[in-house]
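Engineer: requesting a structural model of the entry that follows:
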Amino acid sequence: FESIDDRWNVKLAWNKVDADTYINATLPWAILLVFVLVGASCLWHLRRISEGSNGMVKKSFGGMGKLLQLIICFFCIGVLSIPMLDLTPQLHRDGYPGSRLFSPYWPKARQYHLSSGYGLFRRMTGVGKASGPGWAGLTSPSVVARPEIILEAQLRDKGGGSVSDWKELKFRWKPGDLKQMPLQVAPHQPRLDWRMWFAALGSYNHNPWFIAFLDRLLGGCPDATHLLNEPEIEAGKKRIVGIRSNLYAYDFTRIDSDWSRSIPGATILKDGKVPSEQDRASSNATHLTKLGWWKDMTIFPHQYWSRTLVKEYTPAVKAGDASIQEFLKGTGYSSTCVGRYIDRCSVPAKGGRPLHPLCSLTVLIRQRHLMWLPVFFLVLVWRWRLGTLFKGEFYHWYSQRGGILVIGPPKNERDDDSIQKIEQ
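Structural biologist: Next comes the predicted model:
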C-alpha cells in the first residue's frame, strides 16, 4: 500500500519478471516433489503388503499391483505436467528433469483434453470508462460494461404462415433478459455461453465458429437448437427463418446509494424497480438514509441488468444465404447438419469407437435429464465400500489417535480383542 494525495492506493509488489523468476525456480522442484511423494507412498504400501500378507502368491500379486500403480501414476503425472512448461519461455526451453521422457506422449494425450494450460487475464474485461473520483485514489469509480452478443430471430410456425417480428433468443446461462437473475453455474462451465463471451470481445471475423452456429440455427439443426433456451424451437414447433445479432454492454442495476449516484449512466433502483424520470428527479433531491438503504438491500429487484447498444455484430441473414456459405468455405467450416448428439456415437472417428457403450450411456443421461443418476451411483458405491448396504450387519472401529479404521465383521473373537487393545 502507498499513500497518494492522502489516499491509500494498492500497488502490486511483483511484476511479470518477478513472477516468471519465481515460477522458474519453484515449479520444476514442485513436480519432482510430487514424484517423490507418490514413490514414497507406493514403497510404504509395499512394505505393508510384505509384512501383513500371508502366502507368497498373495504378496506377489499385491506387490505387482502396487508397482503397476506406481508406473501408471508416474506416467500420468509426467505427461499431464507438460502443459505447465508453457507458463514461461525458460520452462518451455529447459523443462524439468525427466520432461523429455514424457514430452513425446503429450500430443497423443492432448486430443482427449485431459490437461490444458490456462492463463489469467492480464487486464480485466468488462470494465467500462468513466470520469470522476474513485476509491483508494483511483481516477474513476467501478463501472461494469460486460460485452454480450444478443441474438434476434424471425420465426415461422412449422406448418407455415407469416413470419414474426424480430424476437430475442434466450440462452440457458449467459446474460440476456434484463429481468433474469444471474445464474450460478460453478463448477459447471457451459461451453457455448462461455465462448460467446469471448466472441463479444472481438468480431465474427475472428470467431468463424459463431457464423457456423448461426448457419445451423437457420438450418434447424437439433445439435444447435437444443443449446438455446427456446422450447418451441427445440421441439420443432417454430423454425428460424432470419437471424441477426447486436453487441450490448451489460451492467448491473444498483441500489440507491451515494456510491451508485457517483457512477455515470448507472441504473439505480427504487423499491426494487427502475423509477420513472419524475421519481428519479425527486429521489436525487432527497437525502439517503441508512434505513432506506437497508430496505433496498432486502428487496428482490425486478430488473437485474441494464444494457447499452454498442453496435451491430452481424447483419440480418436468412437460410441459404450465399454470403454465409462463402464465409464458411473460406474458414474451413462445413454447412453440414450433424443431427442430434445421439448420432455422434455412431459417427466413425479415427481409431474407431471402442467406448461406444459409454458414449450411448452419456447421451441417454443428457436426453432424459438424469444427471442425478451418476451421483446416485457414486453414493451406492460409497455405501457399499463402507459395507453397510449389501452385507447385513458390519462392525466399525474408529481410532482417532491411531488413525485405524477396520470395516467388516471380525473373523473371530481374537481379532475383536486385538482391535480393542490397539484402540486402548
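Engineer: okay, now the unreliable bits of the stretch 201-350 of the chain?
Structural biologist: 277-296, 338-350 (pLDDT under 70).
Engineer: now do the helices in it.
Structural biologist: Remark: helices assigned in the stretch 201-350 of the chain by DSSP state H, counting those that start in this stretch are 208-218, 222-225, 231-234, 258-261, 277-285, 290-297, 322-331.
Engineer: now do the buried residues in the last one.
Structural biologist: Spelled out, it's helix 322-331. 324, 327-328 (16 or more other Cβ atoms under 10 Å). Where you see a C-beta, it was placed from the backbone N, CA and C, and this is true even at glycine.
Engineer: closest one to G95 out of those residues, please.
Structural biologist: Nearest to G95 out of these is L328 (Cβ to Cβ; 39.8 Å).
Engineer: residues contacting that closest one?
Structural biologist: 208, 211-212, 215, 334-335 (Cβ atoms under 8 Å, 6 or more residues apart in numbering).
Engineer: now R100: phi and psi?
Structural biologist: phi -70, psi -20 (degrees, to the nearest 10).
Engineer: ok, it - contacts?
Structural biologist: Neighbours of R100 in contact, by Cβ under 8 Å, 6+ apart: none.
Engineer: check L151 too.
Structural biologist: Per Cβ under 8 Å, 6+ apart, neighbours of L151: 168-169, 214, 243-245.
Engineer: reformat these as a markdown table; add distance to Y112 and neighbour count.
Structural biologist: Below are the contacts of L151 laid out as a markdown table (distance: Cβ to Cβ, whole Å; neighbours: other Cβ atoms under 10 Å):
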| residue | distance to Y112 | neighbour count |
| --- | --- | --- |
| E168 | 37 | 11 |
| L169 | 33 | 18 |
| L214 | 29 | 22 |
| I243 | 34 | 23 |
| R244 | 37 | 17 |
| S245 | 33 | 22 |
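Engineer: now stretch 216-224 - C-alpha only, CSV.
Structural biologist: Extracted in CSV, the C-alpha atoms of stretch 216-224 (Å, rounded to 0.1, in the frame of the first residue of the first chain):
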residue,chain,number,x,y,z
ARG,A,216,-27.0,-24.4,-38.1
LEU,A,217,-29.7,-22.4,-36.3
LEU,A,218,-31.1,-21.3,-39.7
GLY,A,219,-30.9,-24.9,-40.9
GLY,A,220,-32.8,-26.1,-37.8
CYS,A,221,-30.1,-28.5,-36.8
PRO,A,222,-31.0,-30.2,-33.5
ASP,A,223,-27.4,-30.1,-32.3
ALA,A,224,-27.6,-26.3,-32.3
